[in-house]
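**Q** Any chance you can model this:
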Amino acid sequence: MFACIFIPDFSAQAILRFEPELRACPVAVLTGRPPLEKVMALNEKARQAGVEIGTTRSQLEAWGNLVLRARSEVQESSAQAALLDCAQSFSPEVEDTSPGTVLLNLAGLEPLLGPLPEIAHDLAQRVFQMGLAANVAVAANPDAALLAAHGFPGVTLIPEGREAEQLGDLPVDVLLESFSFSFSSSLSCNAEESARWAEIFDRWGIRKLRALAALPEVPISERLGQHGLRLRKLARGAAMRNLRGLQPQLIFAESVELEYPIVLLEPLAFLLNRMLEQVCARLRQRALAVQELRLNLELAAPQSNGDASFMETAAQALTHALPENFTGAFPRTFSRTLRLPTPMLDAKVFLKLLQLDLQAHPPGAPIVKIHLSAEPARPRALQSGLFHPLFPEPEKLELTLARIAGIVGDGRVGSVELLDTHREGAFAVRHFAPMELSAAEPQAKREVKHEVKQPENRKPNMSVSKPDDAGELKEDAQEKMSAVIALRLFRPPLAAAVTVREAKPVLLRCIERDDLVGEIVWTAGPWRSSGDWSEPEGWSRDEWDIAVAVESGLALYRLVQDKLSENWFLEGMYD
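**A** Next up, the predicted model:
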């Protein structure tokens, strides 16, 4: 058995999918160049109001409450991709027949999804949840299902062997329209050829498919050839073929073209919310989650349109987004990427993350087109241990980190990662992604070992500044160094002014703290290190262990000189 999903008025429904508030209004979709635009699709409300296909824009002035929209191929592509995702969530064998029409093979699905009537109603319900109203038909061959979906509204089931009986009441025009733009049919033809066939059958007095199916085979072959025989076979519901299977592509994207450019964040968030809900619904049907979100905005240079508030808002956005000395070409696209630490599937969380990111990085110009894509991943499945500490939910944690980053700035929130270098204190801040410990990992590897760099491991070249009391100061300093258990680092290091005599520091004055001042009575060092000469920011430093005479006795410090800038710093204090 085969099922067909057909979306009537596909071009209009693709637009209403992103503007559901227009479903209660008559809507007409226009195509062509102004002012020669014509109606190419309309919804049922507009059809009941008397609007017809091919009506020009000037003629539409008679309908005051009619809503006009330009055809959007971008939104049609998004709706077709969503329709294919829906079909592939039911069956692995799917055919992309034509825009708004999808065929799928139901063989072997009854033990998994239930009887055929239930599968057909589930298909219609799933498509409706995606914002599209569909006709669903089930038949023993693909072409009979395709014809029934185009001819009967709602859900239709045709038992095997009764195709000719149930399809006989359909007009011949339905047959010609169903296969005019079918990519998989050998009868694909343009509108002129369809009109020619309709004229032939009208001259013969054939109005229904039952009359076409009753024609004798030999005479129709002599007069109409193989195409005539094919049409007769389709009218009888006896044609059989294989589906042209569609290779599944895990691409989940939504696009929308705007009627008018938008600048403010609120209307942009309103549209993003709908797009995120559509993406999450498609991913949920495939039992997938989102690992990465990519937002691409097509921008338009702001132009004066007589709206002072619009231009003022655009100017403010440009001031924040572009550098002060910007003289290049105006950017036409704006892209942002959100990399999530764990796969998620919550449209509200994604919307808040995008809002916080756009507040920190405004596009800087009016937006005319929005493209949102998601990188799929398997959902995160984790069962916490009974005695493990409770970890915050990834969604709430990501929102908290995004709010903090909006306050303190990018690059200042995340996980600290040590860099592969010998430079002291070199680290980078990466996007926070919690690491999960394996249950089989030994307990000893889970514990963090704090290793203290002991100054005793160094072989100091000690010197004393005063010869008269050198022995006493040396003994006091060595006694203190032997009792050192840790180095308390200053974050950040304290700038200092140092007096050097005979290539050794002899007097210290801390610029940032008045209490750190005195004569250096004992030194050990220097220990020299350098690296990263091939990088733009190389480093070279001398380290000294010093003892400074203070009121309470001797204080031990780590003194560092940056050899590139010739600046001195107090890096820490020995306890």
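**Q** Please make it C-alpha for all contacts and neighbour counts, starting now.
**A** OK.
**Q** Tell me where the stretch 151-300 of the chain has helices.
**A** Applying DSSP state H, counting those that start in this stretch to the stretch 151-300 of the chain gives helices spanning 163-167, 172-180, 191-203, 209-213, 217-235, 265-285.
**Q** which non-adjacent residue is nearest residue 300?
**A** In space, and not counting its chain neighbours, residue 300 is closest to residue 366: 5.6 Å by C-alpha to C-alpha, 6 or more residues apart in numbering.
**Q** Tell me which of the helices of the stretch 151-300 of the chain lies nearest to residue 64.
**A** Taking C-alpha to C-alpha, helix 265-285 is the member of these nearest to residue 64, at 26.2 Å.
**Q** lowest confidence element among the helices and strands of the protein?
**A** The weakest-scoring helix or strand in the chain, judged by mean pLDDT, DSSP states H and E, is helix 443-446 (a mean of 43).
**Q** For the residue positioned nearest the centre of the chain, give the beta-bridge partners.
**A** By C-alpha atoms, centre = their mean, the chain has its centre lying nearest to residue 293, at 2.1 Å. As for beta bridges, residue 293 partners with residue 338, residue 374 under DSSP bridges.
**Q** Please tell me how far it sits from residue 18.
**A** Distance of residue 293 to residue 18, given as C-alpha to C-alpha, to the nearest Å: 19 Å.
**Q** Could you do residue 92 as well?
**A** Distance, residue 92 to residue 18, by C-alpha to C-alpha: 28 Å.
**Q** the more surrounded of those two?
**A** residue 18 (18 against 15; other C-alpha atoms under 10 Å).
**Q** if I read this right, that one contacts residue 274, doesn't it?
**A** Yes: assessed by C-alpha atoms under 8 Å, residue 18 is found in contact with residue 274 at 6.8 Å.
**Q** who touches the closest residue in space to residue 253 that isn't next to it in sequence in this structure?
**A** Once flanking residues are discounted, residue 253 sits nearest to residue 373: 4.0 Å by C-alpha to C-alpha, 6+ apart. Residue 373 makes contacts with 251, 252, 253, 254, 279, 293, 294, 295, as judged by C-alpha atoms under 8 Å, 6 or more residues apart in numbering.
**Q** how does it look with 10 Å?
**A** 251-255, 275-276, 279, 290, 292-296, 337 (C-alpha atoms under 10 Å, 6 or more residues apart in numbering).
**Q** Residue 95 now?
**A** Contacts of residue 95 by C-alpha under 10 Å, 6+ apart are 4, 84, 87-88, 101-105, 142, 183-184, 242-247.
**Q** What's the PyMOL line that selects buried ones from these?
**A** Applying 16 or more other C-alpha atoms under 10 Å to these, the buried members can be selected in PyMOL as follows:
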select buried, resi 4+84+87+88+101+102+103+104+105+142+183+184+243
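**Q** Please, where are all the strands along the stretch 251-400 of the chain?
**A** 252-262, 289-299, 333-344, 367-377 (DSSP state E, counting those that start in this stretch).
**Q** correct me, but residue 241 touches residue 234?
**A** No: Residue 241 is beyond contact range of residue 234, at 11.4 Å (criterion: C-alpha atoms under 10 Å).
**Q** circling back to that earlier point, with mean pLDDT and distance to residue 14 as new columns, can the strands of the stretch 251-400 of the chain be given to me in TSV?
**A** Compiled in TSV, those are given as follows (pLDDT from 0 to 100; distance: least, C-alpha to C-alpha, whole Å):
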stretch	mean pLDDT	distance to residue 14
strand 252-262	85	10
strand 289-299	89	20
strand 333-344	85	24
strand 367-377	89	15
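**Q** where do the helices sit along the stretch 301-450 of the chain?
**A** Per DSSP H, counting those that start in this stretch, the stretch 301-450 of the chain carries helices over the ranges 308-321, 347-360, 394-408, 443-446.
**Q** how about low-confidence regions in the stretch 101-250 of the chain?
**A** Where the stretch 101-250 of the chain drops to pLDDT under 70, the residues are 180-191, 248.
**Q** One more pass at 80, please.
**A** For the stretch 101-250 of the chain, residues meeting the criterion pLDDT under 80 lie at 178-195, 245-250.
**Q** Then the stretch 251-400 of the chain?
**A** Counting by pLDDT under 80, the stretch 251-400 of the chain contains low-confidence ranges at 251, 301-331, 341, 364, 380-399.
**Q** try 50
**A** Along the stretch 251-400 of the chain, segments meeting pLDDT under 50 span 304-315, 317-329.
**Q** about what we covered before: what's the closest of the helices of the stretch 151-300 of the chain to residue 133?
**A** When the helices of the stretch 151-300 of the chain are compared by C-alpha to C-alpha, helix 265-285 sits nearest residue 133, at 15.0 Å.
**Q** Against which helices or strands is that closest one packed?
**A** Packing partners of helix 265-285 (3 or more C-alpha pairs under 10 Å, 6 or more residues apart in numbering; DSSP states H and E): helix 73-88, helix 116-129, strand 252-262, strand 289-299, helix 347-360, strand 367-377.
**Q** how about the fifth one: buried residues?
**A** Yep, that's helix 347-360 we're talking about. In helix 347-360, counting by 16+ other C-alpha under 10 Å, buried: 347, 349, 350, 351, 352, 353, 354, 355, 356, 357, 360.
**Q** picking up where we left off before, neighbour count: residue 241 and residue 234, which is higher?
**A** Neighbour comparison, residue 241 and residue 234: the larger count goes to residue 234, with 23 against 10 (by other C-alpha under 10 Å).
**Q** Do I have it right that that one meets residue 148?
**A** No: applying C-alpha under 10 Å, one finds residue 234 not in contact with residue 148, separated by 11.0 Å.
**Q** Need the overlap of contacts for the two.
**A** Joint contacts of residue 234 and residue 148 (C-alpha under 10 Å, 6+ apart) are 163, 167, 175.
**Q** Return the residues in contact with the last one.
**A** If you count contacts by C-alpha under 10 Å, 6+ apart, residue 175 has them with 146-148, 150-151, 167, 194, 198, 208-209, 231, 234-235.
**Q** got it, and the first one?
**A** Contact partners of residue 163, counting by C-alpha under 10 Å, 6+ apart, are 139, 140, 141, 144, 145, 148, 157, 234, 235, 236, 237, 238.
**Q** any idea of the pLDDT on residue 486?
**A** What the model reports as pLDDT for residue 486 is 81.
**Q** Next up, phi/psi of the nearest residue to residue 487 once chain neighbours are set aside, please.
**A** Excluding the flanking residues, the one nearest residue 487 by C-alpha to C-alpha, 6+ apart is residue 574, at 4.5 Å. Note on residue 574: its backbone torsions stand at phi -80, psi 130 [degrees, to the nearest 10].
**Q** and stretch 99-116, how far apart are its ends?
**A** End-to-end span of stretch 99-116 (C-alpha to C-alpha): 25 Å.
**Q** can you check stretch 105-112 too?
**A** Termini of stretch 105-112 sit 14 Å apart (C-alpha to C-alpha).
**Q** Can you point out the buried residues in it?
**A** Applying 16+ other C-alpha under 10 Å to stretch 105-112 flags 105, 106 as buried.
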